[in-house]
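Undergrad: Could you work out the structure for the sequence below:
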Amino acid sequence: MTGIGKVAVPGQNDLQRHQHIAFAEHEYIIYIYKYYNTDMKGTYLGEFEEIVLLAVGILRDNAYGVSIRQEIEDQTQRNVNIGAVHTALHRLEEKGYLSSQFGEAEEVRGGKRKRLFSLTNGGIKALRDAQAIRKQMWSQLPKIILQQS
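TA: Numbers count the residues shown, from 1 in each chain. A predicted model of the protein is given here:
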(Lines give C-alpha, C1' and ligand atoms only; values in the text may rest on other atoms or scores of the structure.)
Protein backbone atom coordinates (compact mmCIF):
# COMPACT_ATOMS: atom_id res chain seq x y z
CA MET A 1 0.00 0.00 0.00
CA THR A 2 1.42 3.37 -0.89
CA GLY A 3 1.93 5.92 1.82
CA ILE A 4 2.77 3.36 4.49
CA GLY A 5 6.38 2.41 4.84
CA LYS A 6 8.31 0.14 7.10
CA VAL A 7 8.78 1.49 10.56
CA ALA A 8 12.07 0.51 12.14
CA VAL A 9 11.64 0.17 15.88
CA PRO A 10 14.73 -0.81 17.88
CA GLY A 11 14.49 -4.33 19.25
CA GLN A 12 11.77 -5.52 16.84
CA ASN A 13 12.33 -8.64 14.82
CA ASP A 14 11.02 -9.09 11.26
CA LEU A 15 7.74 -10.67 12.42
CA GLN A 16 7.04 -7.81 14.82
CA ARG A 17 7.83 -5.25 12.09
CA HIS A 18 5.50 -7.08 9.67
CA GLN A 19 2.70 -7.13 12.27
CA HIS A 20 3.19 -3.40 12.90
CA ILE A 21 2.98 -2.64 9.17
CA ALA A 22 -0.11 -4.84 8.77
CA PHE A 23 -1.72 -3.08 11.74
CA ALA A 24 -0.91 0.34 10.26
CA GLU A 25 -2.37 -0.72 6.89
CA HIS A 26 -5.43 -2.14 8.64
CA GLU A 27 -5.97 1.12 10.58
CA TYR A 28 -5.55 3.11 7.36
CA ILE A 29 -8.14 0.98 5.58
CA ILE A 30 -10.57 1.34 8.49
CA TYR A 31 -10.02 5.12 8.41
CA ILE A 32 -10.76 5.26 4.68
CA TYR A 33 -13.85 3.07 5.10
CA LYS A 34 -15.19 5.13 7.99
CA TYR A 35 -14.47 8.40 6.18
CA TYR A 36 -16.23 7.40 2.99
CA ASN A 37 -19.00 5.49 4.76
CA THR A 38 -19.78 8.53 6.91
CA ASP A 39 -19.45 10.82 3.91
CA MET A 40 -21.91 8.70 1.90
CA LYS A 41 -24.54 8.61 4.65
CA GLY A 42 -27.48 10.70 3.58
CA THR A 43 -26.18 11.21 0.06
CA TYR A 44 -27.63 8.06 -1.51
CA LEU A 45 -30.45 5.79 -0.53
CA GLY A 46 -31.50 3.01 -2.90
CA GLU A 47 -35.17 2.61 -3.80
CA PHE A 48 -35.61 -0.65 -1.89
CA GLU A 49 -33.73 0.75 1.11
CA GLU A 50 -36.06 3.75 1.11
CA ILE A 51 -39.11 1.47 0.96
CA VAL A 52 -37.76 -0.64 3.84
CA LEU A 53 -37.16 2.48 5.96
CA LEU A 54 -40.67 3.71 5.18
CA ALA A 55 -42.17 0.34 6.18
CA VAL A 56 -40.24 0.39 9.47
CA GLY A 57 -41.57 3.88 10.15
CA ILE A 58 -45.14 2.85 9.35
CA LEU A 59 -44.98 -0.28 11.54
CA ARG A 60 -43.22 1.47 14.43
CA ASP A 61 -43.15 -0.93 17.41
CA ASN A 62 -44.08 -3.96 15.30
CA ALA A 63 -41.32 -3.68 12.68
CA TYR A 64 -39.63 -7.06 12.26
CA GLY A 65 -38.64 -9.00 9.14
CA VAL A 66 -41.93 -10.69 8.28
CA SER A 67 -44.15 -7.69 9.14
CA ILE A 68 -41.87 -5.39 7.12
CA ARG A 69 -42.08 -7.75 4.14
CA GLN A 70 -45.89 -7.86 4.41
CA GLU A 71 -46.16 -4.07 4.65
CA ILE A 72 -43.98 -3.63 1.56
CA GLU A 73 -46.01 -6.20 -0.39
CA ASP A 74 -49.30 -4.54 0.68
CA GLN A 75 -48.09 -1.05 -0.22
CA THR A 76 -46.31 -1.86 -3.50
CA GLN A 77 -48.37 -4.81 -4.78
CA ARG A 78 -45.06 -6.61 -5.45
CA ASN A 79 -43.75 -9.93 -4.19
CA VAL A 80 -40.78 -9.39 -1.89
CA ASN A 81 -38.19 -11.99 -0.92
CA ILE A 82 -37.70 -12.17 2.87
CA GLY A 83 -33.95 -12.61 2.31
CA ALA A 84 -33.84 -9.27 0.47
CA VAL A 85 -35.64 -7.63 3.39
CA HIS A 86 -33.18 -9.07 5.93
CA THR A 87 -30.20 -8.03 3.80
CA ALA A 88 -31.54 -4.49 3.50
CA LEU A 89 -32.30 -4.31 7.23
CA HIS A 90 -28.76 -5.30 8.16
CA ARG A 91 -27.25 -2.92 5.60
CA LEU A 92 -29.41 -0.05 6.87
CA GLU A 93 -28.44 -0.85 10.45
CA GLU A 94 -24.76 -0.79 9.47
CA LYS A 95 -25.30 2.62 7.85
CA GLY A 96 -26.81 3.86 11.10
CA TYR A 97 -30.30 4.36 9.67
CA LEU A 98 -31.90 1.66 11.83
CA SER A 99 -31.38 0.24 15.29
CA SER A 100 -32.67 -3.09 16.53
CA GLN A 101 -33.37 -4.98 19.69
CA PHE A 102 -34.86 -8.35 20.48
CA GLY A 103 -38.45 -8.54 21.68
CA GLU A 104 -39.82 -11.03 24.17
CA ALA A 105 -39.73 -14.76 23.45
CA GLU A 106 -43.03 -16.03 22.06
CA GLU A 107 -44.54 -19.49 22.37
CA VAL A 108 -46.03 -19.21 18.89
CA ARG A 109 -42.47 -18.82 17.54
CA GLY A 110 -41.10 -21.77 19.51
CA GLY A 111 -39.60 -19.49 22.15
CA LYS A 112 -37.74 -17.40 19.56
CA ARG A 113 -37.62 -13.65 19.92
CA LYS A 114 -38.39 -11.18 17.13
CA ARG A 115 -35.70 -8.73 16.14
CA LEU A 116 -37.51 -5.40 16.18
CA PHE A 117 -36.23 -2.49 14.10
CA SER A 118 -36.71 1.23 14.58
CA LEU A 119 -35.65 4.34 12.69
CA THR A 120 -32.72 6.31 14.04
CA ASN A 121 -32.32 10.06 13.63
CA GLY A 122 -30.00 9.26 10.72
CA GLY A 123 -32.71 7.11 9.12
CA ILE A 124 -35.29 9.86 9.49
CA LYS A 125 -32.85 12.35 7.95
CA ALA A 126 -32.13 9.96 5.07
CA LEU A 127 -35.87 9.66 4.36
CA ARG A 128 -36.36 13.42 4.50
CA ASP A 129 -33.38 13.95 2.17
CA ALA A 130 -34.72 11.35 -0.29
CA GLN A 131 -38.16 12.98 -0.20
CA ALA A 132 -36.66 16.44 -0.79
CA ILE A 133 -34.63 15.24 -3.77
CA ARG A 134 -37.67 13.55 -5.32
CA LYS A 135 -39.85 16.62 -4.71
CA GLN A 136 -37.25 18.92 -6.25
CA MET A 137 -36.84 16.74 -9.32
CA TRP A 138 -40.60 16.19 -9.78
CA SER A 139 -41.14 19.95 -9.64
CA GLN A 140 -38.67 20.41 -12.49
CA LEU A 141 -40.25 17.81 -14.73
CA PRO A 142 -42.03 19.55 -17.60
CA LYS A 143 -45.82 19.22 -17.27
CA ILE A 144 -46.07 18.10 -20.89
CA ILE A 145 -44.22 14.90 -19.99
CA LEU A 146 -46.64 14.17 -17.15
CA GLN A 147 -49.62 14.63 -19.50
CA GLN A 148 -48.36 11.95 -21.91
CA SER A 149 -49.56 8.42 -21.38
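Undergrad: can we go C-alpha only for contacts and neighbour counts from here?
TA: Fine.
Undergrad: After the helix or strand of the chain with the lowest mean pLDDT, which helix or strand is next?
TA: Between all helices and strands in the chain, the lowest mean by mean pLDDT, DSSP states H and E belongs to helix 14-40, at a mean of 48. Along the chain past helix 14-40, the next helix or strand (assigned with DSSP states H and E) turns out to be helix 47-59.
Undergrad: Just after that next one, pick out the following helix or strand.
TA: For helix 47-59, the following helix or strand on the C-terminal side (DSSP H and E) is helix 65-76.
Undergrad: residue contacts, the nearest residue to residue 51 once chain neighbours are set aside?
TA: The shortest distance from residue 51 to any residue that is not its chain neighbour, by Cα to Cα, 6 or more residues apart in numbering, is 7.1 Å, and that residue is residue 72. Under the criterion of Cα atoms under 8 Å, 6 or more residues apart in numbering, the neighbours of residue 72 are 51-52, 55, 78, 80.
Undergrad: now, which of those sits nearest residue 99?
TA: Each of the contacts of residue 72 was checked against residue 99 using Cα to Cα; the closest is residue 52, at 13.1 Å.
Undergrad: Which residues are in contact with that closest one?
TA: If a contact means Cα under 8 Å, 6+ apart, then residue 52 has 68, 72, 85, 88-89 as its contacts.
Undergrad: pLDDT weak spots in this protein?
TA: Within the chain, the stretches falling below the threshold (pLDDT under 70) are 1-43, 109, 149.
Undergrad: Assign a three-state SS to the residue nearest to residue 62 when sequence neighbours are not counted, would you?
TA: Nearest residue to residue 62, sequence neighbours excluded (Cα to Cα, 6+ apart): residue 116, at 6.8 Å. Three-state secondary structure (criterion: DSSP: H, G, I helix; E, B strand; the rest coil) places residue 116 in strand.
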